[in-house]
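Student: what follows is a predicted protein model with its sequence.
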Amino acid sequence: MNIIFHEKSKTFHLFNNEISYIMTVLRNGHLGQLYCGKRIRDREDFSHLLEMCERPMGSYVYDTDRLFSLDYLKQEMPVYGSTDYHAPALEIVQKNGSRIMDLQFVSYSIEEGKPGLEGLPATYTESGEEALTLRIVLRDPLTEIKVELLYTVFEKYSAVARSMRVVNEGGEEVHLARAMSFCLDLPDCDYEWVQLSGSWARERHVKKRRLEEGIQAIGSMRGNSSHEHNPFLLLRRSGADEYQGEVLGLSLIYSGNFLMQAEVDCHRQTRILAGIHPDCFDWKLEAGECFQTPEAVLVYSDQGMNGMSQTFHRLYQSRLARGYWRDKVRPILNNNWEATYFDFTEDKLVSIAEKAKECGVELFVLDDGWFGKRSDDHAGLGDWQANPERLANGITGLAERIEGLGLKFGLWFEPEMVNRDSDLYRAHPDWILHVPGRRESQGRYQYVLDFSRREVVDCIYEMMAKILREAKVSYIKWDMNRSITECYSEGLPADRQGEVFHRYILGVYDLYERLTGEFPQVLFESCASGGGRFDAGMLYYAPQGWASDNSDAVERLKIQYGTSFCYPISSIGSHVSAAPNHQVFRNTPLHTRANVAYFGTFGYELDLNSLSEEEVCQVKEQIAFMKKYRQVLQFGRFYRLKSPFEGNETVWMAVSEDKRTAVVGWYRVLNVVNDAYTRVRLAGLDPALRYRNLRSGTLHYGDELMNLGLITSDATAGQVPAGVKPCTDYESRIYVLEAEEETLL
Ligand code: GLA
């Protein structure tokens with residue numbers, strides 16, 4: 001890893017063993033982009049990469065040089081208005097109304113490691129040797145606005161992290177209308193664009209299309225990163241697949257409104273932008289003030305999409321997630337939501353917990369309904385004290401009873417919300433986001449608290465911290481069940497209303513920071529009606545997130561498969577729930593529900609007392625299995641082998657770091673009649689190791705399993721011999737492969 005600055009050609013080259021990122025100072029003083037991709041040899045001068053040729057009807061920066069137009073020169077922090085007609089990365093409205101900027105290169109510095117971003121989540125290093133960070137300073141001479149671009153290159157990851165800081169060093173106030181975290185001008189558009197999109201209960205489905213002339217974009221204006229589009233995208237070269245070919249992955253470490261777009265121009269060059277959504281964004285920067293953008297992470301892989309995912313997994317698991325739980329296998333939990341919904345008593349909860357304990361569960365989680373006057377979703381949000389009518393001994397008493405059973409205790413909160421029917425709202429009606437004099441839209445009978453105001457965050461913090469100080473709470477599920485509407489804060493003047501969306505999410509991060517700081521051993525799981533805020537920003541505070549309110553095993557194949565494109569398996573909240581399933585009313589076998597949930601944090605979302613004796617035995621076996629293999633499942637290397645978006649079968653696997661243990665999950669949605677013989681070529685094994693297939697008892701070398709494949713054919717419908725239990729729809733199997741001592745086969 002290194003960052004080299006070639007003085008003569010004014011060229012920066014950031015590289016490690018995998019990736020090169022090259023920029024130069026253009027002759028107009030702006031910062032130009034020369035190359036981003038597979039590592040190439042360094043040289044003193046790359047200026048031949050600046051492709052310039054006169055275009056009829058073009059506009060030129062220098063009328064004497066008809067070759068120099070920003071319309072086709074690739075740039076790092078482009079602005080609109082001086083011959084560049086693409087969407088800009090930065091737009092600053094000045095006192096005289098002009099938005100034209102002239103960002104001149106001033107200086108640079110290189111430091112070991114990586115500085116933190118104040119108030120924002122970001123990747124980090126634990127020692128100076130892990131990364132180098134380049135800080136480039138640009139300046140607009142007229143307004144004296146300073147722009148600092150941060151680029152970090154990591155030693156061990158094929159990734160570059162980027163962010164921007166804008167400092168108003170001039171005497172006049174300005175307004176940021178757009179401040180993107182990331183801009184990359186690519187020389188062509190020969191890519192397929194892949195995004196993760198869906199809706200509530202159908203999050204992060206994989207969607208693909210070719211890049212074409214015009215703008216293609218995903219984003220959110222809901223105040224959260226959203227169920228609809230995830231702040232992640234990848235571009236792959238034609239021919240690239242899971243294991244081969246070039247892929248660029250881009251992830252934004254942010255949980256609020258975002259935009260990611262690709263603009264292909266008529267010369268088939270592509271500009272990628274990512275950052276806070278510029279719609280409704282308007283940040284006033286007074287003299288002396290600064291603005292920090294969120295961080296974006298670019299990953300390059302020449303080993304297909306799976307190679308890209310593994311880089312994100314390892315980087316995000318170890319250098320974005322933080323704290324006590326970062327590297328620890330996650331407790332197996334039982335959550336009461338789908339078991340009781342709002343209909344519970346303390347004794348009922350304890351009876352669920354007792355059964356859970358008997359089965360081997362480690363953590364019991366009390367979901368919604370324990371506080372204020374909450375007996376359904378019309379009341380109580382905002383009043384974070386236990387309801388004595390339901391819990392006579394409070395959270396402290398219940399937690400003690402649960403701990404007395406030998407279980408840890410966890411609790412649900414929805415800190416950012418309030419019901420009208422609550423003491424908090426009655427005391428502070430102005431604390432919700434709303435426009436005075438206008439109708440307030442509600443969602444699920446609730447309103448969004450104005451987290452852009454410090455006193456609101458302070459108040460919620462005090463209520464939550466009091467419970468955590470008094471009761472033995474080991475886990476928090478932090479929910480967020482509606483999007484923002486009428487985004488307006490009574491705490492800010494008119495000319496700062498464009499800041500509210502971003503200040504809101506900064507308030508959320510602030511509350512997370514305070515709570516995780518004061519209670520470092522509490523495990524946080526983020527949630528937003530399932531996966532409505534499952535993003536890299538959340539991962540910094542909560543190392544796991546409830547992936548979706550849809551707990552059906554078949555639906556989860558697509559949701560978890562898509563989620564794995566960017567997010568580590570240890571972060572994917574996944575539970576076994578009841579059959580028929582409460583969201584899609586499907587009856588899937590108990591073993592299939594577990595076989596899907598193993599590839600995540602694992603737990604149960606049902607009352608285990610409602611199961612038959614035989615099913616309880618199965619649950620005990622499942623939990624014992626998870627305890628034995630969760631290190632591999634959650635922290636091993638994850639490989640996608642067959643996509644649920646492409647056929648009836650899904651296959652994925654996890655391999656331990658030492659490659660001696662692998663767990664393969666095989667899933668078939670519909671039963672088939674007289675089917676073909678099937679094999680799956682595995683990945684990530686040691687070719688020379690001899691593995692025992694614990695399902696069949698047979699032995700196989702790794703190279704056989706990876707090249708010839710694992711045989712998965714079975715007697716399908718119409719072929720079942722007498723006495724053999726036939727397969728049904730929603731069949732699945734787990735194959736465990738364990739390396740055995742070396743003797744030739
Ligand atoms: C959201 C969550 C669920 C559950 C309910 C409780 O929908 O995603 O898991 O906690 O809220 O109201």
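Tutor: Here it is on my side, so go on.

Student: what about Val160, how many neighbours?
Tutor: Number of residues near Val160 (other CB atoms under 10 Å) recorded here: 25. From N, CA and C alone the C-beta is placed, and that goes for glycine too.

Student: host element of it?
Tutor: strand 159-168 (DSSP states H and E).

Student: for that strand, packing partners?
Tutor: strand 19-25, strand 90-93, strand 145-154, strand 174-186, strand 290-292, strand 295-301 (3 or more CB pairs under 8 Å, 6 or more residues apart in numbering; DSSP states H and E).

Student: closest one to the ligand among these?
Tutor: Closest to the ligand of those is strand 295-301 (CB to the nearest ligand atom; 26.7 Å).

Student: distance between that closest one and the chain's centre?
Tutor: Between the centre of strand 295-301 and the centre of its host chain there is 13 Å, according to CA atoms, centre = their mean, to the nearest Å.

Student: ok, now stretch 372-392?
Tutor: That offset, for stretch 372-392, works out to 31 Å (CA atoms, centre = their mean).

Student: how far does it stretch from one end to the other?
Tutor: 13 Å (CA to CA, to the nearest Å).

Student: and it, what's buried?
Tutor: Residues 372, 374, 377, 379-384, 386-387, 390-391 are the ones in stretch 372-392 that count as buried (16 or more other CB atoms under 10 Å).

Student: the ligand contacts on the protein?
Tutor: Trp337, Asp367, Asp368, Trp412, Asp479, Asn481, Cys527, Ser529, Gly530, Trp546, Asp549 (CB under 6 Å from any ligand atom).

Student: number of nearby residues for the closest residue to the first one other than its chain neighbours?
Tutor: When you say that, I think you mean Trp337. Take Trp337 and drop its neighbours on the chain: the residue closest to it by CB to CB, 6 or more residues apart in numbering is Asp367, 3.8 Å away. Asp367: 21 surrounding residues under other CB under 10 Å.

Student: measure the closest residue to Met101 other than its chain neighbours to the ligand for me?
Tutor: Nearest residue to Met101, sequence neighbours excluded (CB to CB, 6+ apart): Val79, at 4.4 Å. Distance check for Val79 against the ligand: by CB to the nearest ligand atom, to the nearest Å, it reads 41 Å.

Student: surely Val79 is in contact with Ser98?
Tutor: No. Using CB atoms under 8 Å, Val79 makes no contact with Ser98, being 11.1 Å away.

Student: which one's more surrounded, these two?
Tutor: Comparing Val79 with Ser98 by other CB under 10 Å, the one with more neighbours is Val79, at 22 against 12.

Student: for the more buried one, which residues are in contact?
Tutor: Val79 makes contacts with Pro88, Ala89, Leu90, Glu91, Ile92, Arg99, Ile100, Met101, Leu103, as judged by CB atoms under 8 Å, 6 or more residues apart in numbering.

Student: do the same with Cys280
Tutor: Cys280 neighbours (CB under 8 Å, 6+ apart): Met221, Asn257, Cys487, Gly498, Phe501.

Student: the fourth one contacts Phe281, correct?
Tutor: So the one you mean is Gly498. Yes. Between Gly498 and Phe281 there is a contact under CB under 8 Å: 5.7 Å.

Student: how about the nearest residue to the closest residue to the ligand within the stretch 351-500 of the chain, chain neighbours excluded?
Tutor: In the stretch 351-500 of the chain, the residue that lies nearest the ligand is Asp368 (3.5 Å; CB to the nearest ligand atom). With sequence-adjacent residues excluded and distances taken as CB to CB, 6+ apart, Asp368 is closest to Trp412, at 5.4 Å.

Student: which strands and helices sit next to the strand or helix carrying that neighbour?
Tutor: Trp412 is located in strand 408-413, with elements delineated by DSSP H and E. The contact analysis (3+ CB pairs under 8 Å, 6+ apart) places strand 408-413 against strand 363-366, helix 394-404, strand 475-478.

Student: what is the very next helix or strand once past that strand packed up against?
Tutor: Once strand 408-413 ends, the next helix or strand along the chain (criterion: DSSP H and E) is strand 417-419. In terms of contacts (3+ CB pairs under 8 Å, 6+ apart), strand 417-419 is packed against helix 423-427, strand 446-448.
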